[in-house]
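Peer 1: Just a sequence and a predicted model for now, questions to come.
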Amino acid sequence: MNPWQASRAELFAGAKPGTGGANMAAACLDRHVAAGRGDRLAFRFLRRDGSVEDLSYGELAALSSRFANVLSGLGVRAGESVFALLPRVPALYVAALGCLKARAVFSALFASFGPEPVRVRLEQGRARVLITTPGLYERRIRPLGPPPASLEHVILVDAPGGTNDFAGLLAAASESFAIPPTAPEDPALLHFTSGTTGAPKGLVHVHDAIVAHHATAGAALDLQAGDVYWCTADPGWVTGISYGLLAPLSRGAASIVDEEDFDPARWYAILSGERVAVWYTAPTAIRMLMKAGADMAQGVDLSALRHAASVGEPLNAAAVHWSRQTFGRPIHDTWWQSETGAIMIANPPGEEVRAGSMGRALPGVEAALVRREGDAVVMAGPGEDGELALRPGWPSMFRGYLADDEAYRKCFAGGWYLSGDLVRRDADGWFWFIGRGDDVIQSAGHRIGPFEIESALMEHPAVAEAGVIGRPDPLIGEAVKAFVGLRDGFAADEALRRDLLAFARRRLGAVIAPREIAFSPSLPKTRSGKIMRRVLKARELGLPEGDLSALEPEPAGDTGRGGVGRCVRHDKLI
């Protein structure tokens, strides 16, 4: 039995009629309740006001069933889309699971998006229902002018008064909901790419994806029933849904959800105070902890922490070494994409981490290095770099891009899914990231990956972060230029610049090392923390940077909290 079959059997074996068939929410909630595990903790919400709100599996199952009945009462049909524009509050998680029970398609939007990114996603996804807060509605929705034609209902969370508030709707609805028969290929989730290299694309995932979420959370994260688990990703991104919501529920873990923004002291207090056993975070957060200094971690009790992993961008070797020294254990890097829907490659739990490596393919995943030649591919030879390719067939593979069949078709060639990431593979089958295909620098006949240079610069004690681009050069094609942000206590002067250039040449050699280094107090990043090389290059060339409205800072004031709200027709909102 392969890993997917074993996972599917564990999640759905013995499912009785009326329990949803292959429904994601049934696998995450109802099967636990049916097995007598309803009183176990599912989520602990650490609220902005300092309060703590716990939801058990049984409570979450009942609330999500109530919300499924609310959607049915609004006339929402299977396959129609429900969007949530909410911070990390209980209402978001209840709505997501209720939506899945009702067989509608759920999509979460990052609460700090500006109006334009919100508009694009609502229109692309043909949103029928939007769940948000009054404050977010005023800042993100009202400036759009006329709403998308498909949007019929807006549910406002945390808007006291009225008979149609969110809490009132739930209270009036029955907690008895028979999940309709759900086929594995029924659409369930709509994720969007970040839009950092063009317009965001909507990706459709199906209910069967839970099979991969469940299996990979065990194989890559060592997540076990009863574990206290903390995934720091926001649900507005694919990680926050796949591994912040679905995977931990499927495995019977207790998840921590922190409503506050990043703060090093607060994060250490959560890891220690909540006795976190498995921690899934981002390299950006690790770099910010590194910048805060190892002294802050002194005395923090991390004895409960069994496994720590990262996702979102490649993890520099320097971060792995720092983690070993500071936490007494390494961070295990993982690799996957919105398109893959689940972790494909990882540094496995319980094994020695190869610092700087993406890891190796998980059980059930077939990976190779290829070169595309039209509609066919050629396998990379021994020692050659190539594009990372995966053999289709894993359950969480996306089923298409919204309204763009041609773009979907181009993701595949020769029987492989082509990731767009250039990597190398060592003799033991471990993969090492070079760069995105469109990021690779062509210099004097050499193909240079910016990540390798960024990683080397990060090993210098003065460097907190680095971004590398190719600057056009009439002689060699492109010259490597690095932008670096410094740690506190270091001065951006000529002496440090020369030292960094020499340091890079010693580590990388004259061919790969940057020819120029510029100091930058902050590098442009996506909301998920990835350094935006295209913006660095646009600034260098004096070109328009594109639509950066998604980077709009969160305004001061209330971003909304889970709890009371009201449901109104969009055109009746005042």
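Peer 2: Perfect, I can see it now.
Peer 1: Tell me how the chain divides into domains.
Peer 2: 3-207+559-572, 449-527 (automatic domain parsing).
Peer 1: and Ile141, that's in a helix?
Peer 2: Yes: Ile141: assigned to a helix according to DSSP: H, G, I helix; E, B strand; the rest coil.
Peer 1: got a list of what it touches?
Peer 2: 85, 115, 118, 130, 132, 147, 154 (CB atoms under 8 Å, 6 or more residues apart in numbering). Where C-beta positions appear, they are placed from N, C-alpha and C, glycine not excepted.
Peer 1: distance of it from Met344?
Peer 2: Distance of Ile141 to Met344, given as CB to CB, to the nearest Å: 36 Å.
Peer 1: go on, Pro472?
Peer 2: In this view, Pro472 and Met344 are 35 Å apart by CB to CB.
Peer 1: So what's the residue count around Gly341?
Peer 2: When neighbours are defined as other CB atoms under 10 Å, Gly341 has 28 of them.
Peer 1: ignore the last one, Leu500
Peer 2: By the criterion of other CB under 10 Å, Leu500 has 22 neighbours.
Peer 1: Checking the nearest residue to it once chain neighbours are set aside next. Helix, strand or coil?
Peer 2: Nearest non-adjacent residue to Leu500, counting by CB to CB, 6 or more residues apart in numbering: Ile517, 5.3 Å away. Of the three states, Ile517 takes strand under three-state DSSP.
Peer 1: same question, Lys291
Peer 2: helix.
Peer 1: For it, which non-adjacent residue is spatially closest?
Peer 2: Distances taken as CB to CB, 6+ apart place Ala464 nearest to Lys291, at 4.7 Å, with adjacent residues excluded.
Peer 1: and that neighbour, what is it in contact with?
Peer 2: Shown in contact with Ala464 (CB under 8 Å, 6+ apart): 287, 290-291, 484-487.
Peer 1: That one and Leu486: what is the separation?
Peer 2: For Ala464, the distance to Leu486 - CB to CB - is 6 Å.
Peer 1: go on, Pro461?
Peer 2: From Pro461 to Leu486 the distance is 10 Å (CB to CB).
Peer 1: Quick one: mean pLDDT for the longest helix anywhere in the chain?
Peer 2: Of all the elements of type helix in the chain, the one with the most residues (DSSP state H) is helix 57-73. What helix 57-73 shows for mean pLDDT is 98.
Peer 1: Now Gln337: closest residue in space that isn't a chain neighbour?
Peer 2: Computed as CB to CB, 6+ apart, the closest residue to Gln337 that is not its neighbour in sequence is Ser419, at 6.4 Å.
Peer 1: Check which helices and strands the helix or strand harbouring that neighbour sits against.
Peer 2: Using DSSP states H and E, Ser419 sits within strand 416-425. Secondary-structure packing of strand 416-425 (3 or more CB pairs under 8 Å, 6 or more residues apart in numbering; DSSP states H and E): strand 367-373, strand 386-390, strand 431-436.
Peer 1: Which of those sits closest to Ala34?
Peer 2: Proximity to Ala34 (CB to CB) singles out strand 386-390 among the helices and strands packed on strand 416-425, at 34.7 Å.
Peer 1: Parallel or antiparallel, which strands does that closest one pair with?
Peer 2: Applying DSSP bridges, strand 386-390 is found paired with strand 367-373 (antiparallel), strand 416-425 (antiparallel).
Peer 1: Just give me how far it sits from the chain centre.
Peer 2: Between the centre of strand 386-390 and the centre of its chain there are 21 Å (CA atoms, centre = their mean, to the nearest Å).
Peer 1: Show residues contacting that strand.
Peer 2: Strand 386-390 is contacted from outside by 340, 344, 365-372, 377, 379-380, 416-424, 431, 437, using CB under 8 Å, 6+ apart.
Peer 1: rerun at 6 Å
Peer 2: For strand 386-390, contacts defined as CB atoms under 6 Å, 6 or more residues apart in numbering pick out 367-371, 380, 416-419, 421-423.
Peer 1: so after that strand, what's the next helix or strand?
Peer 2: strand 400-401.
Peer 1: what mean pLDDT does that next one have?
Peer 2: Rounded mean pLDDT across strand 400-401 is 96.
Peer 1: quick revisit: which members of the contacts of Ile141 are the farthest-apart pair?
Peer 2: Pro115 and Val154 (14.7 Å).
Peer 1: Which one's more surrounded, the two?
Peer 2: Set Pro115 next to Val154 and count neighbours by other CB under 10 Å: Val154 wins out with 24 against 16.
Peer 1: any chance you could read off phi and psi for the more buried one?
Peer 2: Per-residue torsions, Val154: phi -120, psi 120 (degrees, to the nearest 10).
Peer 1: how close does it get to Leu457?
Peer 2: Here Val154 is placed at a distance of 47 Å from Leu457 (CB to CB).
Peer 1: And Arg66, by the same measure?
Peer 2: Arg66 is 52 Å from Leu457, by CB to CB.
Peer 1: So between those two, which is more surrounded?
Peer 2: Neighbour count, other CB under 10 Å: between Arg66 and Leu457, Leu457 has more, with 27 against 21.
Peer 1: residues in contact with that one?
Peer 2: Taking CB under 6 Å, 6+ apart as the test, what Leu457 contacts is 463, 466.
Peer 1: Give me the buried subset of the contacts of Ala464.
Peer 2: 287, 290, 484-486 (16 or more other CB atoms under 10 Å).
Peer 1: now, the most widely separated pair of those residues?
Peer 2: Met290 and Val484, at 14.2 Å, using CB to CB across these.
Peer 1: Near Gly38, how many other residues are there?
Peer 2: That count, for Gly38 with other CB under 10 Å as the rule, works out to 18.
Peer 1: just checking, it touches Tyr57?
Peer 2: Yes: in this structure, Gly38 is within contact of Tyr57 by CB atoms under 6 Å, at 5.1 Å.
Peer 1: contacting residues around the helix or strand that contains Pro248?
Peer 2: Element membership of Pro248, judged by DSSP H and E, is helix 247-250. Contact with helix 247-250 is made by 27-28, 210, 213-214, 217, 229, 255, as judged by CB under 6 Å, 6+ apart.
Peer 1: quick one: average confidence on stretch 32-47?
Peer 2: Averaging pLDDT along stretch 32-47 gives 97.
Peer 1: returning to that earlier point: quick check: which of the strands paired with strand 386-390 is buried the most?
Peer 2: When you average the neighbours per residue for each of the strands paired with strand 386-390 (mean count of other CB atoms under 10 Å), strand 416-425 leads with a mean of 21.
Peer 1: So what touches it?
Peer 2: Against strand 416-425 from outside (CB under 6 Å, 6+ apart): 369, 377, 385, 387-390, 392, 411, 431-437, 440.
Peer 1: Need the buried ones from those selected in ChimeraX.
Peer 2: To isolate the buried subset of the contacts of strand 416-425 in ChimeraX, counting by 16+ other CB under 10 Å, use the following:
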select :369,377,385,387,388,389,390,411,431,432,433,434,435,436,440
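Peer 1: check which helix or strand covers the spatially most central residue of the chain.
Peer 2: Compute the mean C-alpha point of the chain, and by CA atoms, centre = their mean the closest residue is Thr239, 2.9 Å away. For Thr239, the element it lies in under DSSP H and E is helix 238-241.
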